[in-house]
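Visitor: Here's a sequence, model it:
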Amino acid sequence: IWEAATVDHAPSLVVAATAEDLVTAARALGGADGTVWAGDNREGWHGGAEYTRFVADPDDATAAIEFMTGHCDRVRVMPYLNGVPCSIHGMVFPDSVAAFRPVEMIVFRVPGSDRFRYGSVSTTWDPPDDVREAMRAAARRVGTHLRDLVGFAGVFTMDGVATADGWLPTELNPRFGAGLMPATRAADLPILGLSRLL
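Guide: Here you go, the predicted structure:
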């Protein structure tokens, strides 16, 4: 989807949840900062970094391997992106795509662990103008692509990281995300209801 919508993105591999495939992918994509592994939803919906692990060294990833092989069929492996975790929402209408204000996702790495902790979202953070506009343009292109490809309508969210080299998406969710709630409350608009109508 990133390529079809011409959105800059980091490399990633989706591999079987086996020790060999996970380590091979992490070696291929990891640099000095390591990799991040995100498990599939074989066991149902999950969020808040619950099935996401930080792997500094693929040769020392026993806990992450045990978790992924025990709970997932497939795992997305990406380089660790150093920067501000953030997301942007889009809303697909029949003839246009609205792009909302980016929000920061408060995510912490747990010291001495491969775990992340999701805290909440923040609307006080504001990316540099060029990053904000790149995120909004990407949301419009992705929304247009989803509408043209599968007739998608309503709200979606793109999570990613604002790095020193710009914003790079990590995942696309065809649903409401927590980051849209503060804007919805502030504007006093029934965005969720409107999304369902669409």
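Visitor: elements contacting the longest helix anywhere in the chain?
Guide: When the chain is parsed with DSSP state H, its longest helix is helix 129-150. Helices and strands touching helix 129-150, by 3 or more CB pairs under 8 Å, 6 or more residues apart in numbering; DSSP states H and E, are strand 83-92, strand 97-99, strand 154-163, strand 166-173. From N, CA and C alone the C-beta is placed, and that goes for glycine too.
Visitor: Quick one: closest of these to Pro111.
Guide: For these, proximity to Pro111 was assessed by CB to CB; strand 83-92 is nearest, at 17.2 Å.
Visitor: Mind listing the strands that closest one pairs with, and their directions?
Guide: strand 97-99 (antiparallel), strand 103-109 (antiparallel), strand 154-163 (antiparallel) (DSSP bridges).
Visitor: So which of these has the densest surroundings on average?
Guide: strand 154-163 (a mean of 22; mean count of other CB atoms under 10 Å).
Visitor: how close does the closest residue to Val92 other than its chain neighbours get to Arg27?
Guide: Computed as CB to CB, 6 or more residues apart in numbering, the closest residue to Val92 that is not its neighbour in sequence is Gly143, at 4.5 Å. Distance from Gly143 to Arg27, counting by CB to CB, to the nearest Å: 35 Å.
Visitor: now do Gly151
Guide: From Gly151 to Arg27 the distance is 40 Å (CB to CB).
Visitor: tell me the mean pLDDT for the longest helix of the chain?
Guide: Mean pLDDT, helix 129-150: 97.
Visitor: just stretch 64-80 next, same as before
Guide: 96.
Visitor: distance between that stretch and the chain's centre?
Guide: When distances are taken as CA atoms, centre = their mean, to the nearest Å, stretch 64-80 is centred 16 Å away from the chain's centroid.
Visitor: Also stretch 95-105?
Guide: So, by CA atoms, centre = their mean, the centroid of stretch 95-105 is 14 Å from its chain's centroid.
Visitor: Pull up the distance across it, start to finish.
Guide: 30 Å (CA to CA, to the nearest Å).
Visitor: swap in stretch 25-33?
Guide: 15 Å.
Visitor: Give me the more crowded residue out of Gly151 and Arg27.
Guide: Arg27 (13 against 9; other CB atoms under 10 Å).
Visitor: Got the confidence number for the more buried one?
Guide: At Arg27, pLDDT is 96.
Visitor: and what of Arg185?
Guide: At Arg185, pLDDT is 75.
Visitor: SS state for it?
Guide: helix (DSSP: H, G, I helix; E, B strand; the rest coil).
Visitor: what number of residues lie near it?
Guide: 10.
Visitor: if I look at it, how far off is Phe108?
Guide: Counting by CB to CB - Arg185 and Phe108 are separated by 25 Å.
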